[in-house]
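Engineer: got a predicted structure plus its sequence, pasted below:
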Amino acid sequence: MAETIRILIADDHMIIRQGLRLILETEEGFDLVGEAADGAEAVRLSADLHPDVVLMDLRMPGMDGLTAIERLHASHPEIAVVILTTFNEDDLMMRGLRAGAKGYLLKDTDRETLFRTLRAAARGETLLNKGVMDRVLAQVEPADSSVEAGAILTAREQEVLAAVARGERSKEIAALLGISERTVKAHLASIYNKFGVDSRAGAIAVAAQQGLLPHE
């Protein structure tokens, strides 16, 4: 059996935290280790409790979720963050992904999508559902700068980036391209460096903004 995934919930509404606790308690493989009512508490508890994944609301009093994500990503990059928010706003989504979040879910998401996203985040993978990915791609704006940005990626890096945008895992990309998983990770590291990010979600967000993810 896989190890239990340790979860911290950050949301200023107690009823949301209680509902998520009940949902997580019904599924094997998850352990709710803490709850925070604002971003500052989420950062503090993360340092103390070392969760695998933080479910982070964006709109909270005091320190908001975006700031908390940035703080966590800087101090504890091993902790994955999944945004769970009521607000269906593209700007917030893109900023959250750029800040290092590994997933973006609305609070009306179904249980199975929640579980899949949490498991992917705990593995270090980014999982964006089709609706979110469509919204990321919808922000593509062709511009001269996109040509320049595309030129800095090798052909293989562009293939890896396209596969990442489809939500494929490293081992799936390796099988598809006939290379090793280690080589896939090396290409990803190069992409991150060129884009100035350090996560798959960040790379997807930058690629979309630069017009490097064509619509299917």
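Structural biologist: Nice, thanks for sending it over. Please read these numbers as outputs of a predicted model, since none were measured by experiment.
Engineer: okay, now the domains of this structure?
Structural biologist: 5-127, 140-209 (automatic domain parsing).
Engineer: centre of the chain to the longest one, how far?
Structural biologist: It stands for domain 5-127. Distance of domain 5-127 from the chain centroid (C-alpha atoms, centre = their mean, to the nearest Å) equals 10 Å.
Engineer: which helix runs longest in the chain?
Structural biologist: Longest helix of the chain, by residue count under DSSP state H: helix 181-195.
Engineer: ok, residues contacting that helix?
Structural biologist: Helix 181-195 is contacted from outside by 152-154, 156-157, 160-161, 164, 170-171, 173-174, 177, 198-200, 202-203, 206-207, using C-beta atoms under 8 Å, 6 or more residues apart in numbering. In short, each C-beta sits where N, CA and C put it, glycine included.
Engineer: re earlier: mean neighbour count and mean pLDDT for the domains of the chain - can I get that in CSV?
Structural biologist: Output for the domains of the chain, formatted as CSV (neighbours: other C-beta atoms under 10 Å; pLDDT from 0 to 100):
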stretch, mean neighbour count, mean pLDDT
domain 5-127, 19, 90
domain 140-209, 17, 79
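Engineer: excluding its backbone neighbours, what's nearest the spatially most central residue of the chain?
Structural biologist: Central residue of the chain (C-alpha atoms, centre = their mean): residue 102, 1.2 Å from the mean position. In space, and not counting its chain neighbours, residue 102 is closest to residue 121: 4.3 Å by C-beta to C-beta, 6 or more residues apart in numbering.
Engineer: quick one, strands of the protein?
Structural biologist: Using DSSP state E, the strands found in the chain span residues 5-10, 30-36, 53-56, 80-85, 103-106.
Engineer: check which helices and strands the longest one sits against.
Structural biologist: Identification of packing neighbours for strand 30-36 by 3 or more C-beta pairs under 8 Å, 6 or more residues apart in numbering; DSSP states H and E yields strand 5-10, helix 14-25, helix 39-49.
Engineer: that one pairs with which strands, parallel or anti?
Structural biologist: Strands that pair with strand 30-36, judged by DSSP bridges, come out as strand 5-10 (parallel).
Engineer: also the fourth one?
Structural biologist: Sheet pairing of strand 80-85 (DSSP bridges) gives strand 53-56 (parallel), strand 103-106 (parallel).
Engineer: which among those is found nearest to residue 23?
Structural biologist: strand 53-56 (10.5 Å; C-beta to C-beta).
Engineer: format the strands of the chain as a markdown table; extra columns: distance to residue 64.
Structural biologist: Output for the strands of the chain, formatted as a markdown table (distance: least, C-beta to C-beta, whole Å):
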| stretch | distance to residue 64 |
| --- | --- |
| strand 5-10 | 10 |
| strand 30-36 | 12 |
| strand 53-56 | 10 |
| strand 80-85 | 11 |
| strand 103-106 | 15 |
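Engineer: on that earlier part again, wait, the residue nearest to residue 102 touches residue 100, no?
Structural biologist: No - under the criterion of C-beta atoms under 8 Å, residue 121 is not in contact with residue 100, lying 11.1 Å apart.
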